[in-house]
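# mind folding the following:
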Amino acid sequence: MYFFYIFLIVSLSFVSVFFLTRSLITLISFFSKSPFVPLEKVLIKRGLELLDVKKGERFLDIGCGDGRVVFSCARRYPGAKVYKGIEIIEILVLVAKLKRLFVKQKDKIVFERKDAAHYDYSCYDKVFMYLLPEFVSELMAKLEKELPSGSTVVSVAFAIPEIYKKTGKLSVEEVKLRKKSKKIYIWKKN
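Residues are numbered from 1 along each chain as shown. Next up is the predicted model:
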């Protein structure tokens with residue numbers, strides 16, 4: 001019986017530390033230019049379905065936070081050549097790298113602290129973004145120039161500007177959540 005109580009106390013302590021740490025990381029990120037806002041699982045799942053990462057392709061999550069989209073992609077689409085996440089907030093990169101220690105395919109999963117505005121996108125086939133609107137607009141010009149033909153970009157919740165219809169196919173899908181819905185924007189480069 002005592003073992004049960006000890007187990008219960010240890011478990012509750014671990015859960016408390018986990019949520020406290022997560023809350024602290026989220027709070028710290030709000031003082032940066034790009035806050036960390038965890039994405040709902042249903043949006044991650046649908047965004048990845050729309051990307052449909054194939055064997056041998058290279059996947060990139062811009063503003064990867066704690067790596068949850070990268071890990072989800074590696075689980076759902078195990079044939080990709082590389083799963084990469086870039087993030088500007090150092091502590092989030094550290095959290096993602098620590099989580100990486102406990103997953104399969106760790107040799108194909110990479111996290112780097114990088115500024116998305118100064119990154120080279122020329123080798124990626126599938127790109128996932130959940131960024132503030134001003135960053136989406138800013139990055140799309142760079143992605144349009146650097147991504148190879150046939151690449152796909154998914155932006156969750158924040159619109160890809162209409163101007164990019166000229167150089168690719170732009171579509172929108174609405175995803176119903178419990179109390180509201182969010183849009184997912186898909187751009188496929190010609």
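# those helices in the chain, which residues are they?
2-29, 41-51, 68-76, 90-100, 133-146 (DSSP state H).
# which of these comes out lowest on mean pLDDT?
Across the helices of the chain, helix 2-29 has the smallest mean pLDDT, namely a mean of 53.
# and residue 45, what does it touch?
Contacts for residue 45 (CB atoms under 8 Å, 6 or more residues apart in numbering) come out as 72, 76. Yep, even glycine has a C-beta here, placed from its N, CA and C like the rest.
# for it, give its distance to residue 73.
Going from residue 45 to residue 73 by CB to CB, to the nearest Å gives 10 Å.
# likewise residue 107?
Counting by CB to CB, the gap from residue 107 to residue 73 is 15 Å.
# what of residue 180?
Separation of residue 180 from residue 73 (CB to CB): 25 Å.
# more neighbours: which of the two?
residue 73 (25 against 7; other CB atoms under 10 Å).
# check contacts around the more buried one.
Contacts of residue 73 (CB under 8 Å, 6+ apart): 48, 51, 53, 59, 61, 80, 83, 128.
# I figured residue 167 hits residue 144, correct?
Yes - with contact defined as CB atoms under 8 Å, residue 167 reaches residue 144; the gap is 5.6 Å.
# shared neighbours of the two, which are they?
residue 189.
# show me which of these two is the more surrounded one.
Using other CB under 10 Å, the more surrounded residue of residue 167 and residue 144 is residue 144, with 19 against 15.
# quick one, what contacts the more buried one?
164, 167, 168, 189.
# next, count neighbours for residue 105.
Residue 105 has 14 neighbouring residues, counting by other CB under 10 Å.
# please disregard the earlier target; I meant residue 162.
8.
# what does residue 41 give?
By other CB under 10 Å, neighbour count at residue 41 equals 10.
# pull out the buried residues from the contacts of residue 144.
Buried members of these, counted by 16 or more other CB atoms under 10 Å: 164, 168, 189.
# pLDDT and distance to residue 91 added to these, as CSV?
Converted to CSV, the buried ones among the contacts of residue 144 look like this (pLDDT from 0 to 100; distance: CB to CB, whole Å):
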residue, pLDDT, distance to residue 91
164, 84, 33
168, 85, 35
189, 93, 33
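# tell me the one among those nearest to residue 103.
Distance to residue 103, by CB to CB, is smallest for residue 189 among the buried ones among the contacts of residue 144, at 29.9 Å.
# okay then, goodbye and thanks.
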